[in-house]
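> Below are the sequence and a predicted model; questions follow.
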Amino acid sequence: MQWERIVQKLVIFFFSSRRRHTRFLPVSWARRCVQETEPALIRITSVTGHIYITDFSDEFQDWHKVDPVLLFDATTVKKEANPENNLVQHLRQEANDASYLVLWLDNDKEGENICFEVLENVRDIMKQEPFQQVYRAKFSSITKQDLLHTFNTLSEGPNQFEAISVDARQIIDLKIGVAFSRFQTVYLKKRYENLTQRLVTYGPCQTPTLGFCVERHLEIAAFQQQQFWRIVPQFQLPDGRLQSIDWDQDRTYRQDEANSVKQDIARVNVFQVVEVTSKEGSRGRPEGLDTVHLLKSASSQLKIGPNQAMQIAEKLYLGGYVTYPRTESTTYPRNFDLMGVLNGLLQLPNYNEYVERLLQEGLERPKQGKDAGDHPPITPTLKTPSPGELNKEEWKMYDYISRHFLGTVSADAKFSKRIVKFQAGNHKFTLQGTTILNVGFTQIMTWVKLYDKMIPDFQEGQSLIPVKVEIVPGKTTPPEHLTESDLITLMEKNGIGTDASVAQHVGNICDRNYVKVVGNNRKLVPTDLGVALVSAYNKIDQELVAPNLRSNIEKSVELIAKGSADCKKVLEEVLAIFKEKFLYFRENVQDMDIYFKEVFITYQDAINSASFLSECGRCGQQMKYLPNSNKLNCPKCRFTYSLPQGGEICVFEEEAKCPIDNFQLVMFKPNSLDSQPLLLCPNCYNKSPYPQISNHLKCQDCPNTECKYNGFVFGVSNGVMQNTMQSEPPNHMDNRQPFSMSLAQNQNLSLIHI
């Protein structure tokens with residue numbers, strides 16, 4: 001487990017320890033001198049990510065009773081993220097009478113926020129001492145050397161401004177996202193049969209991200225192909241080969257112009273070499289690796305999606321093989337141990353020959369890129385994996401990070417470019433050739449391609465007679481759908497998301513079925529739902545999709561993190577803007593139908609085309625079955641009854657009716673072979689006649705002993721479905737369900753008792 005890797009390193013590298021466990025989270029005991037004269041008993045435990053989530057209080061939870069516009073001004077509360085873990089109780093128990101608290105949370109804004117969540121729960125239970133008691137451990141890798149260095153250079157506690165900025169972003173995203181999502185989900189569910197079971201979400205980051213994909217998709221749809229023509233002269237070389245040259249104009253969209261150019265050349269029938277130039281060029285080595293570049297390359301080169309890429313990178317980090325994978329910096333710190341990392345890679349057969357030559361010829365100074373003040377660039381650590389220690393995907397990621405690091409200290413790639421200019425009458429042509437002089441960093445970063453392109457040794461003033469001049473027709477091609485790498489580039493350019501959230505936003509639009517990842521190049525093709533949503537937003541209010549609003553939010557939140565902006569004021573301004581936009585959106589929401597009617601079935605259309613199935617207990621007429629939404633509709637009463645999802649509905653027996661409301665009973669046949677069919681009354685299922693029983697009442701749970709279908713369940717014997725009767729009425733007082741618990745990423749802290 002993740003916590004074991006960190007705790008074991010802290011314990012093994014720092015201390016000679018003994019260990020015990022609580023019910024949910026680990027605690028290690030150890031002895032060490034905090035100061036030279038102070039022997040201490042140290043407890044090391046962890047948290048499972050955020051202790052709290054930001055949410056609305058209970059009075060704002062009901063979708064049907066709360067007007068979504070009220071959410072913009074609603075108070076928010078902090079709720080335990082995993083109350084079943086008893087994490088707060090656990091922390092307070094371990095912090096009792098502690099003199100010091102050392103916080104080893106991730107060295108980023110989220111980590112600072114979690115630090116204060118821990119402090120909130122333990123500060124009052126700690127022993128009150130006249131000296132500094134809270135320290136912050138800031139580290140970028142969990143190798144022995146880095147952890148020891150961190151332990152000996154503890155800082156004076158977490159950054160409050162950065163922690164508050166996380167709260168601000170959570171509140172903004174919660175209020176905007178939930179208000180719009182609730183309203184549009186309810187609106188669309190009421191109108192479209194095949195959207196009844198879908199949560200249709202809006203997000204201030206998610207929606208502009210989707211907008212980029214749909215914008216490209218609409219460009220492709222609107223593309224109109226055009227015919228064009230190129231002029232291609234060819235010369236015969238002494239060895240018999242033909243050499244073509246490129247028209248400086250490239251192409252024409254008029255065939256008569258192409259014919260005219262060909263005729264002009266035919267009249268002259270000679271090409272003059274008017275200029276020959278040679279110059280050296282270079283392709284620069286890369287800067288240090290940041291998160292965005294890692295995610296882009298993981299998708300384009302390794303064919304690994306952003307979410308999976310981050311999971312793999314985090315696993316390598318927790319294994320001690322790479323540095324912290326969430327960073328915006330591309331500049332190595334002055335004290336970065338380049339030689340230590342190189343000596344580590346020297347032990348691996350994939351790199352040792354290259355590293356040896358690099359050390360012999362001398363390292364290039366890494367480029368001065370961006371210093372965001374968070375973490376250093378992503379690199380391998382001094383610890384290298386043993387053979388078979390990493391799986392295939394982990395090794396691909398480690399290999400990419402290692403090769404990128406080696407590329408940053410390698411020479412630039414150098415080449416010579418030769419350019420020959422030709423002229424025939426007034427028409428100009430060019431031929432370019434390239435000769436590689438030094439492959440440089442591309443030798444280790446093998447996915448960066450450079451090619452030799454040899455051309456004849458034409459001399460200035462030379463005259464050449466073409467063997468033929470062709471008019472080559474062609475057609476324009478539409479742009480391609482964005483790849484994940486393209487999308488991340490646009491997000492970075494437009495300030496959408498952070499290094500910690502980019503992968504999540506890309507994952508969200510895929511998980512919510514707004515786009516599909518297609519092909520080996522991982523192109524993002526919007527679904528009908530994604531296109532309809534973005535088109536509707538653009539019709540009603542283009543700024544709901546445009547990236548500038550979210551970019552401004554990110555800038556404001558960053559000012560909070562730097563202590564340059566007041567959190568309360570930022571929240572008021574941002575939420576006021578989106579509240580006004582929400583009201584306008586609500587007034588014009590009917591414009592969504594322009595785009596949704598094109599691809600989704602309205603309830604009325606579904607009812608008109610549906611087949612009759614069972615009898616309504618209110619009017620005695622037949623009700624229609626809507627299979628896409630698993631609902632029954634009575635056209636006469638104009639009532640719709642929801643039924644269980646994940647299966648189909650059929651009539652059980654013609655004479656089988658509920659004695660309470662006279663509705664004909666129906667049978668639900670689940671798609672899953674592991675689930676039993678259910679007998680139910682459509683009316684009782686939607687509104688239980690018994691106050692002590694919640695809705696979704698089924699015949700097998702019905703307490704009406706006078707009904708012959710009371711306690712009715714289906715069984716299967718020798719592959720034949722049978723019905724049996726429960727011997728006792730069901731117990732409705734015990735609704736307890738088993739639960740399973742999984743721990744998220746653990747983050748560590750030390751509680752020191754003197």
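Nice, I can see it.

> Can you show me the helices along the stretch 151-300 of the chain?
Counting by DSSP state H, counting those that start in this stretch, the stretch 151-300 of the chain forms helices over residues 160-191, 206-222, 255-268, 291-300, given from the N-terminal end onward.

> among the ones you listed, which is the most enclosed?
Mean neighbour count, computed with mean count of other C-beta atoms under 10 Å, is highest for helix 291-300 among the helices of the stretch 151-300 of the chain, reaching a mean of 24. C-beta: built from backbone N, CA, C; applies to glycine.

> now what about that one, what contacts it?
Outside helix 291-300, the residues within contact range by C-beta atoms under 8 Å, 6 or more residues apart in numbering are 304-306, 309-310, 313, 325-328, 330, 378, 397, 400-401, 404, 447, 483-485, 488-489, 492, 499-500, 502-503, 521-522.

> wait, which of the helices of the stretch 151-300 of the chain is closest to Asp55?
Between Asp55 and these, the tightest spacing by C-beta to C-beta is seen for helix 160-191, at 7.1 Å.

> on contacts alone, who are the packing partners of that closest one?
strand 52-56, strand 76-80, helix 109-122, helix 548-561, helix 567-587, helix 593-596 (3 or more C-beta pairs under 8 Å, 6 or more residues apart in numbering; DSSP states H and E).

> What ranges in the chain fall below the confidence cut-off?
Counting by pLDDT under 70, the chain contains low-confidence residues at 1-39, 142-143, 715-754.

> Taking the centroid of it, which residue is nearest it?
Ranked by distance to the mean C-alpha position of the chain (C-alpha atoms, centre = their mean), the top residue is Gln504 at 2.3 Å.

> and Lys475, how many residues sit next to it?
If you count neighbours by other C-beta atoms under 10 Å, Lys475 ends up with 8.

> re earlier: tell me which of the helices of the stretch 151-300 of the chain lies nearest to Asn508.
Judged by C-beta to C-beta, the one of these that comes nearest to Asn508 is helix 206-222, at 5.1 Å.

> could you check the angle helix 548-561 makes with that closest one?
150 degrees (axes from the mean of the first three to the mean of the last three C-alpha atoms, to 10 degrees).

> got the contact list for stretch 350-361?
Counting by C-beta under 8 Å, 6+ apart, stretch 350-361 makes contact with Leu342, Leu345, Leu346, Asp399, Ser402, Arg403, Leu406, Val409, Ser410, Gln443, Ile444, all of which sit outside it.

> from the residues you listed, which is closest to Asp62?
Of all the contacts of stretch 350-361, Asp399 has the smallest distance to Asp62: 51.9 Å, by C-beta to C-beta.

> in which helix or strand would I find the closest one?
Using DSSP states H and E, Asp399 sits within helix 392-408.

> Nearest to Ala40, out of the helices of the stretch 151-300 of the chain?
Short answer: helix 160-191, nearest of those by C-beta to C-beta, at 26.7 Å.

> Centre of the chain to the closest one, how far?
Taking the mean of its C-alpha atoms, helix 160-191 sits 17 Å from the chain's own mean (C-alpha atoms, centre = their mean, to the nearest Å).

> For Asn343, see how far away Pro349 is.
As defined by C-beta to C-beta, to the nearest Å, Pro349 lies at a distance of 15 Å from Asn343.

> And the two? Which one has more around it.
Looking at Pro349 and Asn343 with other C-beta under 10 Å, you find the greater number of neighbours at Asn343, namely 14 against 7.

> how about that one, what does it touch?
Applying C-beta under 8 Å, 6+ apart, we find Asn343 in contact with Leu382.

> So what are the sheet partners of the helix or strand harbouring Lys669 and their directions?
Using DSSP H and E, Lys669 falls within strand 666-670. Partner strands for strand 666-670, per DSSP bridges, with pairing direction: strand 647-651 (antiparallel), strand 678-680 (antiparallel).

> now those as TSV including mean neighbour count and distance to Lys687?
Compiled in TSV, those are given as follows (neighbours: other C-beta atoms under 10 Å; distance: least, C-beta to C-beta, whole Å):
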stretch	mean neighbour count	distance to Lys687
strand 647-651	16	18
strand 678-680	24	12
